[in-house]
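> got a predicted structure plus its sequence, pasted below:
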Amino acid sequence: TKIVFTLRHIVQDKSVLELGSGTGIGGITAAACGAKKVVITDLPCALPRCKENVMQNWKIIQSRRCGGGSDIKVEILDWAAKALPDLFSPNYYKSSSNRNKEKKKVEE
């Protein structure tokens, strides 16, 4: 997190994927440092804490983002799965109404 903040110019206006995020602090920091799109991923057991942390830091994320807010999502990603989803594809989120509901909850 300290490295991301120190080198924030690297993530500004970029897409960031955080793998095995645990608390989501790396992705939250990237969003606050100006990343355009952030996807925070982990196993299902870790997602409630990630979502809670995103919601608790939402105002900070949005206020720090110059020229508008970051698009930040919290998603399940199991590396042992046979097929991994394309988490940055717009079609990935359109294909599932459940994902859209979760996306709205995180963005609120």
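Arrived safely.
> hey, what's the residue nearest to residue 44 when sequence neighbours are not counted bridged with?
Excluding the flanking residues, the one nearest residue 44 by Cβ to Cβ, 6 or more residues apart in numbering is residue 76, at 5.4 Å. (Glycine included, C-beta is placed from N, CA and C.) Under DSSP bridges, the beta-bridge partners of residue 76 are residue 42.
> quick one: contacts for residue 76?
Residues in contact with residue 76, defined by Cβ atoms under 8 Å, 6 or more residues apart in numbering, are 41, 42, 43, 44, 47.
> ok, now which ones touch the second one?
When the contact criterion is Cβ under 8 Å, 6+ apart, the partners of residue 42 are 20, 21, 22, 24, 50, 76, 77.
> and it, what's its pLDDT?
The confidence metric pLDDT takes the value 94 at residue 42.
> residue 26 versus that one, what's the distance?
To residue 26, residue 42 is 11 Å away according to Cβ to Cβ, to the nearest Å.
> equivalent analysis for residue 9, please.
As judged by Cβ to Cβ, residue 9 and residue 26 stand 17 Å apart.
> what about these two, which has more around it?
residue 26 (19 against 10; other Cβ atoms under 10 Å).
> that one and residue 73, how far apart?
14 Å.
> repeat for residue 38
Applying Cβ to Cβ, the value for residue 38 to residue 73 is 7 Å.
> ok, now residue 11?
Residue 11 sits 16 Å away from residue 73, going by Cβ to Cβ.
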